[in-house]
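[1] just to be clear, the model below is a prediction. Sequence and coordinates:
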Amino acid sequence: MAAKHRILAPLFAIALAAVGSSTLLAKNFPQSLLVVDPLAAAWEPGIPAGLGGSFEYGNYIFSHDDVDSFYLRSSISPVIAKVDESFALGGLYETDLLCGPVAAGETAANIAAFWMNAFQFAYGLYSAYRLPGPLGLDLLAEYSRSSQHPLRPAYSQVAADILMCGLALPRLESDRMSASAYLRAGYRDLFGFWQSSLPKPRISWVIEPAAEVHYSLSRSLSLVARANPELFIDRYKNCFDANFFAEAGIALAKGELDDEFLFTLYSTRDSDLLLLYVAHPTFEAGLSVRLSAFRLSPRPHERL
């Protein structure tokens, strides 16, 4: 399988925030369908069978929050093993740096005049098994860990073990359009095995549907939309809650490069970072740039 490199470039958006006070958000960054379903990634034309990855810069350009301002997100996501067209095992290692403006009483470390708020890490294994039968469903499983480590005082570290399983639907295709979707459910906790004194994550049981659609206008231009809601039980309030992530825009393809220009939204009624257990509802969007070593989603360009 020939390796292609591509660039996913600026994701354009406008940011709005509805926060009563400063927050330091631990973001639930959604993973692409080709990370969650490594079987799709292993056999997608143009995707390296061995290693993929991405780098992303995002900026909340109209956020009312005076703590979080922008983030840097990088990841490596290899397809570790595959067996025929029935099974694939993939991995993920991701680091995120959350930054913001210098607050009153602080001194910037450099001329850039920003403050590094926190580091986030995510790493784990993803598997997919093609179920027998005419439907072509992929059985998905995930074990991963995530953690955030604030650099500012008064904020608590957060860590979580994540167990997920679900089904990925077969890709729907026409001459100009392709659509993919999955539905997963799982549980988040901080296992006693780690002997950690950190608080448990706010999310316990969670249902995670996801979908994305591409509509090709030409060989080099298409429309793209993605949605990743999370429906979950709040461990501390013992109630149902939800987070929502969505993006939509234009994808450009030229030779081996792909660029995406997207309007991106993120909404949560609370931060996953525990600061005195105070709710921080947030609705925001931002300007971001994503560079990727492989396609984040299948596309029908080649058939036009």
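    Sure, I can see it.
[2] enumerate every residue touching Tyr182.
    By C-beta atoms under 8 Å, 6 or more residues apart in numbering, the contact list for Tyr182 reads Leu33, Val36, Asp37, Asp138, Leu140, Gly166, Leu167, Ala168, Leu169, Pro209, Ala210. No exception for glycine: its C-beta is placed from N, CA and C like everyone else's.
[3] contacts only, for the closest residue to the fourth one other than its chain neighbours.
    This points to Asp138. Spatially, and ignoring its direct neighbours in sequence, Asp138 is nearest to Ala168 (4.0 Å; C-beta to C-beta, 6 or more residues apart in numbering). Residues in contact with Ala168 (C-beta under 8 Å, 6+ apart) are Leu33, Val36, Asp37, Leu39, Ala40, Ala128, Leu137, Asp138, Leu140, Ser180, Ala181, Tyr182.
[4] how close does the third one sit to Arg226?
    Between Asp37 and Arg226 the distance, using C-beta to C-beta, to the nearest Å, works out to 14 Å.
[5] wait, which of the contacts of Ala168 is closest to Asp96?
    Proximity of the contacts of Ala168 to Asp96 (C-beta to C-beta) peaks at Val36, which lies at 17.8 Å.
[6] secondary structure element for the nearest residue to Ala248 once chain neighbours are set aside?
    Nearest residue to Ala248, sequence neighbours excluded (C-beta to C-beta, 6+ apart): Ala225, at 4.0 Å. Ala225 is part of strand 221-227, with elements assigned from DSSP states H and E.
[7] pairing partners for that strand, with directions?
    If you go by DSSP bridges, strand 221-227 pairs up with strand 203-216 (antiparallel), strand 239-254 (antiparallel).
[8] would you single out the least confident of these?
    Mean pLDDT is lowest for strand 239-254 among the strands paired with strand 221-227, at a mean of 82.
[9] how about the CA coordinates for that strand, as PDB?
    Extracted in PDB, the C-alpha atoms of strand 239-254 (Å, rounded to 0.1, in the frame of the first residue of the first chain):
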ATOM      1  CA  CYS A 239     -27.200  13.100  36.700                       C
ATOM      2  CA  PHE A 240     -27.100  13.000  32.900                       C
ATOM      3  CA  ASP A 241     -25.100  15.500  30.900                       C
ATOM      4  CA  ALA A 242     -23.600  16.000  27.500                       C
ATOM      5  CA  ASN A 243     -20.600  17.500  25.600                       C
ATOM      6  CA  PHE A 244     -20.800  18.300  21.900                       C
ATOM      7  CA  PHE A 245     -18.100  18.800  19.200                       C
ATOM      8  CA  ALA A 246     -18.800  19.500  15.600                       C
ATOM      9  CA  GLU A 247     -17.100  20.900  12.500                       C
ATOM     10  CA  ALA A 248     -18.100  21.700   9.000                       C
ATOM     11  CA  GLY A 249     -16.400  23.300   6.000                       C
ATOM     12  CA  ILE A 250     -14.500  22.800   2.800                       C
ATOM     13  CA  ALA A 251     -11.800  20.200   2.000                       C
ATOM     14  CA  LEU A 252      -9.200  20.800  -0.700                       C
ATOM     15  CA  ALA A 253      -7.200  18.100  -2.300                       C
ATOM     16  CA  LYS A 254      -4.300  18.500  -4.700                       C
END
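[10] what pairs with the helix or strand following it, parallel or antiparallel?
    Later in the chain than strand 239-254, the nearest helix or strand by DSSP H and E is strand 257-268. Paired with strand 257-268 in the same sheet, following DSSP bridges, are strand 239-254 (antiparallel), strand 282-284 (antiparallel).
[11] name the stretch among the ones you listed that sits most buried.
    The highest average neighbour count among the strands paired with strand 257-268, using mean count of other C-beta atoms under 10 Å, belongs to strand 282-284 at a mean of 22.
[12] avg pLDDT for it?
    For strand 282-284, mean pLDDT rounds to 67.
[13] next one: stretch 152-169
    Across stretch 152-169, the average pLDDT comes to 87.
[14] equivalent analysis for stretch 74-91, please.
    The average pLDDT for stretch 74-91 rounds to 88.
[15] got the buried residues for it?
    Neighbour counts over stretch 74-91 (16 or more other C-beta atoms under 10 Å) mark Ser75, Ser77, Pro78, Val79, Lys82, Phe87, Ala88, Leu89, Gly90, Gly91 as buried.
[16] could you do stretch 52-61 as well?
    Gly52, Gly53, Ser54, Glu56, Tyr57, Gly58, Asn59, Tyr60.
[17] show me what the helix or strand the third one falls within is packed up against.
    Element membership of Ser54 [criterion: DSSP H and E] is strand 53-59. Counting contacts by 3 or more C-beta pairs under 8 Å, 6 or more residues apart in numbering; DSSP states H and E, strand 53-59 packs against strand 70-76, strand 287-292.
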